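Colleague: pasted the sequence and its predicted model underneath.
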Amino acid sequence: MLTVGLYGIPDTTTGQGPTFTHDHGIALMRDGRVVTVIELERSTGVKHDNRLPAFLLELLGPWLRPGEPVRFASANSFAGDTFFSSDGNLRIEPERAPGVEPAAVPARCRWFPDGRTPRRAEAWVVPHELAHIASALPFVGTLAPGTLLIHIDGGASHSACSFWLWDGRALSLLHHAWGDLKDVVNNFNASPLAGAILGEPPAAHLAMPGKLMGYAAWGRPDPDLGAWLRERRWFLGFRGDRAALLRELSERRGEPMTGFSLRDPWLMTVAACLQQAFEDDVVEAISNFARRTGARHLIYAGGAALNIPTNRRLLESGLFDRMHIPPPASDAGLALGAAAWIEFAERGALKPCGPFLNRFDLDGLEAEPSVDVEPVADLVAAGRVVGLCLGAGEAGPRALGHRSLIARADDPTLRARVSEQLKRREWYRPLAPMLHADAAREVLGPLAAEADISRFMLGAWEVRAPWRGAFAGVLHADGTVRPQVVREEDPELAWQARLLRCLREKHGLMGVINTSFNVRGQPIVQRREEARAAARTMGLDALVLPDRLERP
């Protein structure tokens, strides 16, 4: 039986790019194991692509086996419950209107895989909320009794947040709501105030969360200013232009402002207040449900789960023995979550996997890397920027060593070259390091070395004093780094582990810069030729493919 997870509800707007729905994709599972994940943007090259109905059968066809039963699991959204392909050859329509519960609703399925002959297929609609949470299942395999499962996002199907409990046998919904937490989440993707500070138009709402999170670290929250902003609902309902917003801010500041300058310390304070409010409200909500249920395990997903400082606070709260956030916590994981829930409900456990699930169009990249790590280490030590395109692509937005740019982590000048010149990112955004678990224990401490979230670059830690110089190129404005910790037992990162050991033993380098391999405005590269083209466009010094080291 092939389980096909879909997230591809058509948008309710046309001609404006991804707005209400985005990050469409497909996930295929068989016998409790992930076969592949196809994030649409990695196939088409269009960032946050939301046109799955136009590409569905083209992407799905190569994975179908003759005579194999197929079932579909479609994640819905507030934009709709029915999935239909552009050519009319697949339509999945729920038999009744889905709510947040039950976990999946049976659906009528009309399917013509060859465009002519109908084929019978089982189908389900999985609530957007649960699909977010279930995207963690392929990475954890099963759920321990007393697991609190939480989704927080700007908008799912019937809520912006939902809280669930797994008792070892069944999942129960504790609470869901539109109003709870929505304002502090929308500060990161729909705020006129944040958009004005960052100089971003409303259409850039999908890029704003990471930018605001990075910029906020340059300021320190002010309680009085934070209270003033909260009283005004963070200006989320502001309908004037930016000049009118500037006048109102000038009145609160007590001096006239001529514009929104990213170098203005006061605006950094405003951004820090937005971040602080998000952290406080999210941590309080999750803490309340942890205390209410006594749950000692946490699974947390949704776009809000990509807010790294908040994740750090949750981890350090001591509330949970284990905390897991899936690598594709955002809408990029919804197709995987929908398929995983159907498989988990049937089997009770899945085959655990790593994050390297984009296994389509690999053109030999799946081969075990045969390139010697020593010449690559020598290039990095000499201050060169190297692209890695090895194995299957990462699921989700973080580069985790298969589609990465790497460079020395101890040189702020090199950081500026990688981030601002090659990738054309804003000066205020952080870069992350990659380091071996042995080094992480010394540099960051045992919690960072062992936490689930550090495997996927989803936590923040202070660098211990003796090692700050060694990570001067990746220390963010708040004194933290946001690392990926490579563990010896992860077979998909064996080559990267050898490289990190070589860098330390031969060159005394404790880690490297690790950032996504993509040109600004484009998805992370997937294919061999895309990597070569991006390396030339960006001006990289070298490119590592499984079978060769190239100089673009």
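Modeller: Alright, I've got the coordinates. Residues are numbered from 1 along each chain as shown.

Colleague: quick one: the strands in the stretch 301-450 of the chain, in order.
Modeller: Ranges of strands within the stretch 301-450 of the chain are 322-324, 356-358, 386-389, 393-394, 403-408, 432-436, based on DSSP state E, counting those that start in this stretch.

Colleague: relative to residue 314, which of those is closest?
Modeller: In this view, those are compared for proximity to residue 314 by Cβ to Cβ, and strand 322-324 is the closest at 6.2 Å. All C-beta atoms are positioned from the backbone trio N, CA, C, and that covers glycine.

Colleague: between the strands of the stretch 301-450 of the chain, which one is closest to residue 210.
Modeller: With Cβ to Cβ as the yardstick, what comes closest out of those is strand 432-436 (11.7 Å).

Colleague: for the record, mean pLDDT for stretch 332-340?
Modeller: Within the predicted structure, the mean pLDDT of stretch 332-340 is 98.

Colleague: got the CA coordinates for it in PDB?
Modeller: What follows is stretch 332-340 as a C-alpha-only set of coordinates in PDB (Å, rounded to 0.1, in the frame of the first residue of the first chain):
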ATOM      1  CA  ALA A 332       6.600  22.400   4.100                       C
ATOM      2  CA  GLY A 333       5.900  19.400   6.400                       C
ATOM      3  CA  LEU A 334       2.100  19.200   6.000                       C
ATOM      4  CA  ALA A 335       2.100  16.600   3.200                       C
ATOM      5  CA  LEU A 336       4.500  14.400   5.300                       C
ATOM      6  CA  GLY A 337       2.400  14.900   8.400                       C
ATOM      7  CA  ALA A 338      -0.800  13.900   6.600                       C
ATOM      8  CA  ALA A 339       0.700  10.700   5.200                       C
ATOM      9  CA  ALA A 340       2.500   9.900   8.500                       C
END
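
Colleague: now residue 198. Nearest residue, chain neighbours left out?
Modeller: residue 211 (5.4 Å; Cβ to Cβ, 6 or more residues apart in numbering).

Colleague: show me what contacts that neighbour?
Modeller: Residue 211 makes contact with 198, 200, 426, 428, 429, according to Cβ atoms under 8 Å, 6 or more residues apart in numbering.

Colleague: that older thread, nearest to residue 333, of the strands of the stretch 301-450 of the chain?
Modeller: The closest approach between residue 333 and any of the strands of the stretch 301-450 of the chain, judged by Cβ to Cβ, belongs to strand 356-358 at 9.9 Å.

Colleague: excluding chain neighbours, what is closest to residue 271?
Modeller: Distances taken as Cβ to Cβ, 6+ apart place residue 216 nearest to residue 271, at 4.2 Å, with adjacent residues excluded.

Colleague: likewise residue 276?
Modeller: Closest residue in space to residue 276, ignoring its immediate chain neighbours: residue 221 at 3.9 Å, by Cβ to Cβ, 6+ apart.

Colleague: tell me the pLDDT of the one you found.
Modeller: 97.

Colleague: distance of it from residue 475?
Modeller: 20 Å (Cβ to Cβ, to the nearest Å).

Colleague: before we move on, the earlier item: residues near the residue nearest to residue 276, how many?
Modeller: 18 (other Cβ atoms under 10 Å).

Colleague: mind checking the SS state of it?
Modeller: The local conformation at residue 221, judged by DSSP: H, G, I helix; E, B strand; the rest coil, is coil.

Colleague: please apply the same query to residue 175.
Modeller: Taken by three-state DSSP, the conformation at residue 175 corresponds to strand.

Colleague: pull the contacting residues for it.
Modeller: Applying Cβ under 8 Å, 6+ apart to residue 175 gives the contacts 162, 163, 289.

Colleague: now do 10 Å
Modeller: With contacts defined as Cβ atoms under 10 Å, 6 or more residues apart in numbering, residue 175 is in contact with 100, 150, 159, 161, 162, 163, 164, 285, 288, 289, 292.

Colleague: quick one: it from residue 229, how far?
Modeller: Computed as Cβ to Cβ, the residue 175 to residue 229 distance reads 26 Å.

Colleague: got it, and residue 541?
Modeller: Taking Cβ to Cβ as the criterion, residue 541 is separated from residue 229 by 45 Å.

Colleague: which one of those two has more residues nearby?
Modeller: With neighbours defined as other Cβ under 10 Å, residue 541 and residue 229 compare such that residue 229 has more, 20 against 16.

Colleague: doesn't that one lie inside a helix?
Modeller: Yes. Using three-state DSSP, the assignment for residue 229 is a helix.

Colleague: which residues touch it?
Modeller: Under the criterion of Cβ under 10 Å, 6+ apart, the contact partners of residue 229 comprise 187, 193, 222, 235, 249, 252, 270, 273, 274, 277.

Colleague: can you put the residues you listed in CSV and add distance to residue 85?
Modeller: Supplementary listing: the contacts of residue 229 in CSV, determined by distance: Cβ to Cβ, whole Å:
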residue, distance to residue 85
187, 36
193, 40
222, 52
235, 41
249, 48
252, 51
270, 45
273, 45
274, 40
277, 42
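
Colleague: let's have these in TSV, adding secondary structure.
Modeller: Conversion of the contacts of residue 229 to TSV gives the following (three-state DSSP):
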residue	secondary structure
187	coil
193	helix
222	coil
235	helix
249	helix
252	helix
270	helix
273	helix
274	helix
277	helix
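
Colleague: selection in ChimeraX covering whichever of those are buried, please.
Modeller: Buried members of these can be picked out in ChimeraX with the line below, counting by 16 or more other Cβ atoms under 10 Å:
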select :187,193,222,235,249,270,273,274,277
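
Colleague: before we move on, the earlier item: are we agreed that the residue nearest to residue 198 is in a strand?
Modeller: No. Counting by three-state DSSP, one finds residue 211 to be helix, located in no strand.

Colleague: next one: it, what pLDDT does it get?
Modeller: 97.

Colleague: try residue 114
Modeller: Reading off the per-residue confidence, residue 114 sits at a pLDDT of 89.

Colleague: and it, how many neighbours?
Modeller: Applying other Cβ under 10 Å, we find 11 other residues in the vicinity of residue 114.

Colleague: residues in contact with residue 317?
Modeller: Residue 317 makes contacts with 283, 286, 287, 290, 298, 323, as judged by Cβ under 10 Å, 6+ apart.
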